[in-house]
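S.K.: no sequence for this one, just the structure:
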């Protein structure tokens, strides 16, 4: 039996009084606008900043070897750079089963190959044709942008906010960073929003599918299945709890495959709050003028403060976590924030993209519970991410004016 929501479950079920057609339009329009904005930005920055080379969005550094199979792609490589995670997922999409020299060019494949959802979807959409995989990857990433905005519009309707604001989903940290660097955090954040929709509406099999996909997307996606299992477990409905936990079986089977065919991946040591504290004591060095560096450090500090407040707010409702799976998710994601390893906090992007689901759900909760302070974490984090895009925005504007 599907667990029943508590009377005060959050978020509240959407009430659409104008019929299914209005409901469809209310969600479809912002989702299409959001996707159009994301695609437009990618095409503009590729055209004006990267000479039209679409592979620049994978953010490949010069230190990652390019297998002979991929040399014909003329992969854009950033000089004096180690690159970013998107370069790894790019290679995984070309070799999802770790059978060729493409996969073997990845550093620490036992760790990276756990996050198979987006690369595998891209490979499947391209029907395995190597020349189509990059475009399939971009399409899949934008598909999750569409889904996330669609689900966000549904949640906004539920809390009495105009669904058109869901078009701004393109500006949240996980979305912007995934569009810019092709990481998997946009896909996971969108699945978290879908989870919040279906946990409220009690759509049993839709929620189950979201749980399966989230666990395959990223290791942090395991939180959703665990959060679904906790309320029925507390209520001694063990069969229901096991049902939700069974959504982890595909991911566990994949992890076993990776363990035996790829290798043992790294597991960063847990250092609760240590790396976060060190990031405050030792700010990142920037090669800017002193005044600009000071301004960026201020935004870095505000971003870190927003993440800390978000973690504290997530833990605040620990007692209510057993009431419904969304509240349980907030608590578990806050605990995750405390346990994030040093590798995440070593660069300013890391914590922001990992914690975006927590900050976004808290932002939505602020409207249903009438607690404006819950909006503060996301508002403090976003500006630092936005200014990171200014050089690219400048390049686009200069190119358009010159043309």
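M.R.: Nice, thanks for sending it over. Please read these numbers as outputs of a predicted model, since none were measured by experiment.
S.K.: gap between residue 156 and residue 102?
M.R.: Taking Cβ to Cβ, to the nearest Å as the measure, residue 156 falls 41 Å from residue 102. For every residue, glycine as well, the C-beta is placed using N, CA and C.
S.K.: ditto for residue 183
M.R.: Distance, residue 183 to residue 102, by Cβ to Cβ: 19 Å.
S.K.: Would you work out how far apart the start and end of stretch 167-174 are?
M.R.: Terminal residues of stretch 167-174 lie 14 Å apart, using Cα to Cα, to the nearest Å.
S.K.: now swap in stretch 165-177 and tell me
M.R.: 20 Å.
S.K.: ok, and what's touching it?
M.R.: Residues lying outside stretch 165-177 but in contact with it, judged by Cβ atoms under 8 Å, 6 or more residues apart in numbering, are 27, 30-31, 33-34, 37-38, 41, 145, 148-150, 152-153, 156, 179, 183, 185-186, 188-189, 349, 352-353, 356-357, 359-360, 378, 381-382, 385-386, 389.
S.K.: quick one: buried residues of it?
M.R.: For stretch 165-177, a neighbour-count test (16 or more other Cβ atoms under 10 Å) marks 166-167, 169-170, 172-177 as buried.
S.K.: How about the secondary structure of residue 63?
M.R.: Per DSSP: H, G, I helix; E, B strand; the rest coil, the local secondary structure of residue 63 is coil.
S.K.: residues touching it, list them.
M.R.: Residue 63 touches 81-83, counting by Cβ under 8 Å, 6+ apart.
S.K.: same thing but at 7 Å, please
M.R.: 82-83 (Cβ atoms under 7 Å, 6 or more residues apart in numbering).
S.K.: just for the stretch 301-403 of the chain, where's the confidence low?
M.R.: 346, 403 (pLDDT under 70).
S.K.: residue contacts, residue 286?
M.R.: Contact partners of residue 286, counting by Cβ under 7 Å, 6+ apart, are 293, 296.
S.K.: That one should be in a helix, yeah?
M.R.: No - secondary structure of residue 286 (three-state DSSP): coil, not part of a helix.
S.K.: hmm, who's touching stretch 240-259?
M.R.: Residues contacting stretch 240-259 (Cβ under 7 Å, 6+ apart): 1-3, 110, 113-114, 116, 208, 211-212, 215-216, 222, 225, 228-229, 232-233.
S.K.: Quick one: end-to-end length of it, please.
M.R.: Stretch 240-259 has an end-to-end distance of 30 Å (Cα to Cα).
S.K.: now the strands for the stretch 301-403 of the chain?
M.R.: Applying DSSP state E, counting those that start in this stretch to the stretch 301-403 of the chain gives no strands.
S.K.: out of the contacts of stretch 165-177, which are buried?
M.R.: 27, 30-31, 33-34, 37-38, 41, 145, 148-150, 152-153, 156, 179, 183, 185-186, 188-189, 349, 352-353, 356-357, 359-360, 378, 381-382, 385, 389.
S.K.: for the stretch 151-300 of the chain, which spans come out with low pLDDT?
M.R.: Scanning the stretch 151-300 of the chain for pLDDT under 70 picks out 202, 267-273, 275-276, 279-280, 282.
S.K.: So which of the contacts of stretch 165-177 sit within helices?
M.R.: 27, 30-31, 33-34, 37-38, 41, 145, 148-150, 152-153, 156, 179, 185-186, 188-189, 349, 352-353, 356-357, 359-360, 378, 381-382, 385-386 (DSSP state H).
S.K.: coming back round to it: apply the buried test to the contacts of stretch 240-259 and list what passes.
M.R.: Here, 16+ other Cβ under 10 Å leaves 3, 110, 113-114, 116, 208, 211-212, 215-216, 222, 225, 228-229, 232-233 buried among the contacts of stretch 240-259.
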